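S.K.: Below are the sequence and a predicted model for it; my questions follow.
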Amino acid sequence: MTYNPAEMRTIIGRCCCALLLLMAQWCPAQRSTLDSLRTVMAGATVDTSRARAASDVAQAFLSIGRMDSSIHYAVFGRGLITASSGDAAAVARLAMRLSKLLGIAYTNQARYDSALVEFQRMERHAERAGRLNDVAAALTYQGFQLREMGDDTNALAVTRRAIDVLRSSPEGADMANACNGMGLIHANMFSTDSALYWYQRAARLYGALGNRQHLRNTYLNMGECLNTAGRWEQADSVWMLASRDMVGPMDPMAYVHYAGARARSLLRQGMAGDAIDVLDSAIGLAAEMDDMEGAHHLLHIRSMAQAHRGDWNAAMTDMQASLEAYAADMDHDKVRSTEAVRQQAEREREQLLAQAAIEKQRIQKWGAVVIGALAALLALSGYRSARMKSRAAEALARKNEEIQRAQAQLIESEKQREAEQVRTRIARDIHDDIGATLTKIALLRGGHAAVAGP
């Protein structure tokens, strides 16, 4: 039998929520533990100590499923370290932990946009603390949020970055989680072969680490991928691998996922009674977890199993219950859709703001270039004007010197001319005086000669 591919994607998404919690690897907390943590937080006198205690309280609430309380204490702890002045690396590690707590809590509330923001903060804090593995983990978480929001392209790019960050480190749990994330994204994109490649790589790493829970969830995802592709025998084989150590109360969400897969396999083999037995306990678990989507799928399969056995009344009852569960889940889907639309609008707004900032920077850059060019032109013009004035002043000074020299020469020449005139006049006067004297002498001699005549 076949199954709707879109429904397979939502089933995988539910299983991923369980995987995300497992990635945190936290132990359940008892009431006494919470009380003692609150006491420590109240008695701490240093902000970083109080913030660390608040993160422990938030983690404890998260492990017992009280998401709102976990978010409250994580936000409170963040407010304390924002105002603290402790060691930068230690503060960055604490801030990273709080962002991780908030991201996982928001994920469990299906608030994927808020979770994405927190995991982006986690990445920045991990970079400041110099923790590459945590940077990769933050990127893997971001890929999960983007995938749940329907943005497979960016989810693929972010998760690939996580794998690139981890290439220089020994392969471990972080690489396994990133590979599993790549498999989920490719399965969402119906790239079966690529999804299987990454699932197999993740399964190999989880097996080497001895992490049975993660390995089981990877097998479940791999089986869903094969089932969606119509490769049912391979899907059944993989689901049989996932059935090892499968205990419902220890991992109820994974068990609900497995029960649906196992029931479909049994139903294909004509074992309707066995399929119903598997489904009965899983439907109860889905109801306890308020997992309406999971209950819808399980009731739908059980309806087909009842019809296969010829019990039409039971089949109709299960079909009606399935539709009611689907209607209840639609309300959740509306919330998720609204969140996705809001997040898309927020991303578009941020993109517009970023583009406006880039445009502003570009205008400022060109404005600075134009102003610089004008300043250079003004400086060049001023320099040339100053040079021209300097040259004109130098030419004027030279002309003045020439005029002064010409005036001096003219004055000297005039003086010489006047001196020559004086000399000429004196010489003429002397000549006239001598001539007159000689004439007088001649006249006197002529007179004497007449008196002495015969």
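M.R.: Alright, I've got the coordinates.

S.K.: tell me what whichever strand or helix holds Ser381 is packed against?
M.R.: Using DSSP states H and E, Ser381 falls within helix 312-451. With contacts taken as 3 or more Cβ pairs under 8 Å, 6 or more residues apart in numbering; DSSP states H and E, helix 312-451 sits against helix 112-129, helix 292-309. Just so you know, the C-beta spots here come from the backbone N, C-alpha and C atoms, and that holds for glycine as well.

S.K.: Would you mind finding the most buried of the ones you listed?
M.R.: Per residue and on average, the most neighbours among the helices and strands packed on helix 312-451 fall to helix 292-309, with a mean of 23 (mean count of other Cβ atoms under 10 Å).

S.K.: and that one, how far from the chain's centre?
M.R.: 43 Å (Cα atoms, centre = their mean, to the nearest Å).

S.K.: now stretch 288-306: how far from the chain's centre is it?
M.R.: The mean C-alpha position of stretch 288-306 is separated from the chain mean by 40 Å, Cα atoms, centre = their mean.

S.K.: any idea how far the closest residue in space to His308 that isn't next to it in sequence lies from Arg262?
M.R.: Leaving aside its sequence neighbours, His308 sits nearest to Ala272 (Cβ to Cβ, 6 or more residues apart in numbering; 4.1 Å). Noted for Ala272: a distance of 13 Å to Arg262, by Cβ to Cβ, to the nearest Å.

S.K.: who's more crowded, these two?
M.R.: Arg262 (24 against 20; other Cβ atoms under 10 Å).

S.K.: rank the helices and strands packed on helix 312-451 by mean pLDDT and give me the bottom one.
M.R.: Within these, the stretch with the lowest mean pLDDT is helix 292-309, showing a mean of 82.

S.K.: For the stretch 301-450 of the chain, give me the ranges with low pLDDT.
M.R.: 329-350, 352, 447-450 (pLDDT under 70).

S.K.: What separation do you get for the spatially closest residue to Ser194 that is not a sequence neighbour and Asp174?
M.R.: Leaving aside its chain neighbours, Ser194 sits nearest to His186 (4.1 Å; criterion: Cβ to Cβ, 6+ apart). The gap separating His186 from Asp174 is 19 Å, by Cβ to Cβ.

S.K.: now swap in Glu123 and tell me
M.R.: 13 Å.

S.K.: before we move on, what about Glu412?
M.R.: In terms of Cβ to Cβ, Glu412 sits 105 Å off from Asp174.

S.K.: Neighbour count: these two, which is higher?
M.R.: Asp174 (23 against 10).

S.K.: wait, what's in contact with the residue nearest the centre of the chain?
M.R.: Nearest residue to the geometric centre of the chain (Cα atoms, centre = their mean): Gln120, 7.0 Å. Residues near Gln120 by Cβ atoms under 8 Å, 6 or more residues apart in numbering: Ala138, Gln142.

S.K.: ok, now with 7 Å
M.R.: By Cβ atoms under 7 Å, 6 or more residues apart in numbering, Gln120 lies in contact with Gln142.

S.K.: With Ala229 instead?
M.R.: Thr192.

S.K.: Please determine how far it is located from Asp193.
M.R.: For Ala229 relative to Asp193 (Cβ to Cβ), the value is 9 Å.

S.K.: same deal with Ala357?
M.R.: Separation of Ala357 from Asp193 (Cβ to Cβ): 42 Å.
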